[in-house]
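K.L.:
test case, fold it:
(one chain, ligands or ions: 2)
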Amino acid sequence: MAIPEEVFQKYQRAGKITREVREEMRITVREGMPIIDICEKAESLIRKKGGKPAFPCNVSVNEIAAHYTSPPQDKRIIPENSIVKIDIGVHVDGYIADTAVTVCFNPEYDDLVNTAKEALKKAVEILRPGLSMSRFGSTIQKTIKTRGFKPVSNLTGHLIGRYVIHAGKSLPNVFHISTSRVKEGEIYGVEPFVTVAKAAGRVENGEEAHIFRYLKHKSLKDPYAKRLLNHIRKNFQTLPFTERWLQGCVPPSRYKTAFSELLSSKTLMSYPVFIEASGKPVAQAEHTILVVKDGCMVLT
Ligand code: MN
Ligand code: MN
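P.N.:
Numbers count the residues shown, from 1 in each chain. Ligands and ions are numbered 1, 2, ... in the order given. Modelled structure (predicted):
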């Protein structure tokens, strides 16, 4: 079924903003640049263009495949000879567009980055109503293997819902037995992740987590924890956020205890960084697409 025109227009607005911000960030990122400056620039551009960040700007370097965003006062910089995934999400009234680009400062990894782009291009070519997830995964895997690289097997594309980034269905980047199929009117974030042939080809959770989201209601003792939670629910609903966006909500001397209670009570969940298990570099390319009658439409 096709989506309502009004909803389609909101997706298109979100898509246009993510595309513009992605292209701006692609030419902004430099070796030696503080990662926090990249995150804040992307997020402020999104707001300036009339959207809201659907999640914190992810800046994931080398073997970090995804889910790194700067914590407050981050001191990290973009290392020399690195490859950098910039992943950006925008929502307009809860309708999300999600896109990513890999910026490469090491010519040794140009082919890796191009392979992620090629795999995304292939995905856009084959996506249409009725396509099985098994077929999708095997086609992407073959596209990547033919070029001498390896897909990251446990990172997938995902169905997108209103205010929900991962709405249940996954688009695998490797062959996977599944009876699930793509349907008209669905929106997906399509994102092949590629690493080198000799890598493990999967990610593991790292120790750090700087991205969080609201999970469920719990009774809280600390009044400042309650205040923080009200701010989170009002501003981000069920979407991921960063502690950078909570600064100034409660007095600085009360912040740490309040935020800790939200985590220990499991009111919030955290997203650990994903690291390639053998420490090898990872490239990513991502578009958000709408499945239409005879194929798909790229929104980003
Ligand atoms: Mn993304
Ligand atoms: Mn995504």
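
K.L.:
can you give the domain ranges for the chain?
P.N.:
5-205+274-298, 211-272 (automatic domain parsing).

K.L.:
redo these as JSON lines? Include mean neighbour count and mean pLDDT.
P.N.:
Just so you know, the C-beta spots here come from the backbone N, C-alpha and C atoms, and that holds for glycine as well. Listed next are those as JSON lines, based on neighbours: other CB atoms under 10 Å; pLDDT from 0 to 100:
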{"stretch": "domain 5-205+274-298", "mean neighbour count": "20", "mean pLDDT": "97"}
{"stretch": "domain 211-272", "mean neighbour count": "16", "mean pLDDT": "96"}
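
K.L.:
could you dump the ones you listed to TSV with distance to ligand 2?
P.N.:
Shown next, in TSV, are the domains of the chain (distance: least, CB to the ion, whole Å):
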stretch	distance to ligand 2
domain 5-205+274-298	3
domain 211-272	11
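
K.L.:
out of those, flag the one nearest ligand 1.
P.N.:
Closest approach to ligand 1 among the domains of the chain is made by domain 5-205+274-298 (3.9 Å; CB to the ion).

K.L.:
where do the strands sit along the stretch 201-300 of the chain?
P.N.:
Remark: strands assigned in the stretch 201-300 of the chain by DSSP state E, counting those that start in this stretch are 203-214, 268-276, 282-284, 287-292, 295-298.

K.L.:
could I get these as TSV with distance to ligand 1?
P.N.:
Rendered in TSV, the data for these read as follows (distance: least, CB to the ion, whole Å):
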stretch	distance to ligand 1
strand 203-214	12
strand 268-276	12
strand 282-284	8
strand 287-292	8
strand 295-298	14
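
K.L.:
which of those strands sits closest to residue 261?
P.N.:
Across these, the minimum distance to residue 261, taken as CB to CB, is reached by strand 268-276, at 9.7 Å.

K.L.:
what is the closest one packed up against?
P.N.:
The helices and strands touching strand 268-276, judged by 3 or more CB pairs under 8 Å, 6 or more residues apart in numbering; DSSP states H and E, are strand 64-66, strand 203-214.

K.L.:
identify the residue nearest residue 224 in space, chain neighbours excluded?
P.N.:
The shortest distance from residue 224 to any residue other than its chain neighbours is 3.8 Å, reached at residue 258 (CB to CB, 6 or more residues apart in numbering).

K.L.:
may I see the helices and strands packed on strand 268-276 arranged in a markdown table, with distance to residue 115 as well?
P.N.:
Below are the helices and strands packed on strand 268-276 laid out as a markdown table (distance: least, CB to CB, whole Å):
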| stretch | distance to residue 115 |
| --- | --- |
| strand 64-66 | 15 |
| strand 203-214 | 17 |
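
K.L.:
number of nearby residues for residue 206?
P.N.:
15 (other CB atoms under 10 Å).

K.L.:
could you report the pLDDT at it?
P.N.:
You'll see residue 206 listed with a pLDDT of 97.

K.L.:
OK, contacts around it?
P.N.:
Taking CB atoms under 8 Å, 6 or more residues apart in numbering, we find residue 206 in contact with 64, 272, 273, 274, 275.

K.L.:
who does the last one bridge with?
P.N.:
As for beta bridges, residue 275 partners with residue 64, residue 204 under DSSP bridges.
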